[in-house]
Structures are given as C-alpha cells and as structure tokens.
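Visitor: Just need the structure, nothing else, for what follows:
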Amino acid sequence: MTASSAGRPLAVDEAPERARPGRQRSRAADDSILSATLEVLAADGYGGLTMSAVIAAAGVSSATLYRRWPTKQQLVAAALASLHAAVVDIDTGSLAGDIAEFLRSSADTMSVRRADLAEDVAVELRRNPEFRAAVNEKFVVPRLVVLGHILDRARNRGELGPGLSAEVAMSFINGPLHHRVFVMGGAPTPAFLRSVVAAALASLAELAPPRR
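Guide: From the prediction side, this is the model:
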C-alpha cells in the first residue's frame, strides 16, 4: 500500500491492472463523461442533472456511461473526485510528520472548490443519503484507509497505544480543518495547520497513550 515495487506512491484506490477480454476501457471516454457531468451539474444542479443530458454532452453511448457509472450518485461523486488528486499513502517515518502531511493533503482537497457547484452539492449531501454514501466512498473511505495505516505505524513505533480507530482519529484531525473552511469560511493557512497538527497530536496521545 505504501509504495509500488518501483518506489512510486500507490494510490489508495489503485488496483493492479489485469488483462481483460474485449474492448478496453477508454480514458478519453472517462474524461469526457466526467467533464460533461461537471458542466451539466453546474448548469442544471444535482436535481436537474440526468444521465441522458450527460450522455448528450459527452457524446458517448448510454452503454459507455452506464458500464462505468450505473447510478447518478456514483457518476456525480466520481466527477467531483476528478477535481482532486488521488489519495496516496503517507509514511514520513513519524506520527507528527504523517499527520502534518495528511492535513496538508486534506487542506488541498478542501481548497479546490467550484463556487458554481459547492452550494447545490452541499444541500444535496444533507438530504440525499445515497449521494452522501457515494461521495463518502470517493472522499472519506480512502482517507480513512490512509489514516489507519498511519495509526498502525505509530503504534508499531511506540508513539501511540492501542484502541484508537481511524474514524475517531479523523474527527480530531480533520474536524478543525472542516470547521475552518466550510463553517467559518476561512483559509487553511500554514500557521493554522501547524496549530491543528499540535492539537491533533495531543488529542491522539490522550486517546491512545503509548505504553511505557
């Protein structure tokens, strides 16, 4: 998970390529569909977006779209995820370094916001559990996997004790950042991130004190 055999960071959701019979999936078609989805979403909102409108805007067949994303929720979640870099594992050799990099990556993701999409998507997330689940699958689950590896390595180094889940740790790490950006409308400045790292490390040590 931390690296490929060539030393390249491995994306969390990256799987080994397998040869498959028949026509191979086209990256150009993927990009066209996701770009068209963002265009339709900006123009019509989530409620007005239809699969047929995306098919027409992307210039692909219905089979091409549905083979990739069978539902509207999955399609829009994938389109939103395409605005951000892939989530990769983090291993700096220390808990402090890993948390700092984890927060920096989260801050970069939260800073990439399209004003023409943000409000409509936020409203839909609150009222549509299926859409929220699809978005969580793209944004939250990969980060929980990375954070789980960070905590495991910290325990192996003796920096943390047992009993702390990635879900709980995430609230203490990303919670202040989410509040700063989405509730207060502030920027995740370097000084703010340093403060969050310090507070997160203190919280994690309190929740899972290392064994002496």
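Visitor: Give me the nearest residue to the most centrally placed residue in the chain, chain neighbours excluded.
Guide: Central residue of the chain (CA atoms, centre = their mean): residue 139, 2.5 Å from the mean position. Excluding its sequence neighbours, the residue lying closest to residue 139 (CB to CB, 6 or more residues apart in numbering) is residue 81, at 6.7 Å. Backbone N, C-alpha and C define where each C-beta goes, glycine included.
Visitor: What separation is there between the one you found and residue 57?
Guide: Per CB to CB, to the nearest Å, residue 81 is found 19 Å from residue 57.
Visitor: Same drill for those two, tell me which one is more crowded.
Guide: Shown here are residue 81 and residue 57; by other CB atoms under 10 Å, residue 81 has more neighbours (20 against 17).
Visitor: low-scoring stretches of the protein, by residue?
Guide: Judged by pLDDT under 70, the chain has its weakly predicted residues at 1-25, 112-113.
Visitor: the longest helix in it is where?
Guide: For the chain, the helix reaching the highest residue count under DSSP state H is reported as helix 129-156.
Visitor: ok, and what's touching the next helix or strand along the chain from that helix?
Guide: On the C-terminal side of helix 129-156, the closest following helix or strand by DSSP states H and E is helix 166-178. Helix 166-178 is contacted from outside by 99, 102-103, 106-107, 110, 143-145, 147-148, 151, 188, 193, 196, 199-200, 203-204, 207, using CB atoms under 8 Å, 6 or more residues apart in numbering.
Visitor: Stretch 188-199 now?
Guide: Taking CB under 8 Å, 6+ apart as the rule, stretch 188-199 contacts 96, 99-100, 103-104, 107, 110-111, 172-173, 176-177, 180-181, 186.
Visitor: Buried residues, it. List them.
Guide: 188, 192-193, 196-197 (16 or more other CB atoms under 10 Å).
Visitor: Please tabulate those residues in a markdown table, including the columns secondary structure and distance to residue 63.
Guide: Output for the buried residues of stretch 188-199, formatted as a markdown table (DSSP: H, G, I helix; E, B strand; the rest coil; distance: CB to CB, whole Å):
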| residue | secondary structure | distance to residue 63 |
| --- | --- | --- |
| 188 | coil | 42 |
| 192 | helix | 48 |
| 193 | helix | 45 |
| 196 | helix | 46 |
| 197 | helix | 48 |
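Visitor: quick check, nearest of these to residue 92?
Guide: Using CB to CB, residue 197 is the member of these that sits closest to residue 92, with 12.1 Å.
Visitor: For residue 35, see how far away that closest one is.
Guide: If you go by CB to CB, the gap between residue 197 and residue 35 works out to 36 Å.
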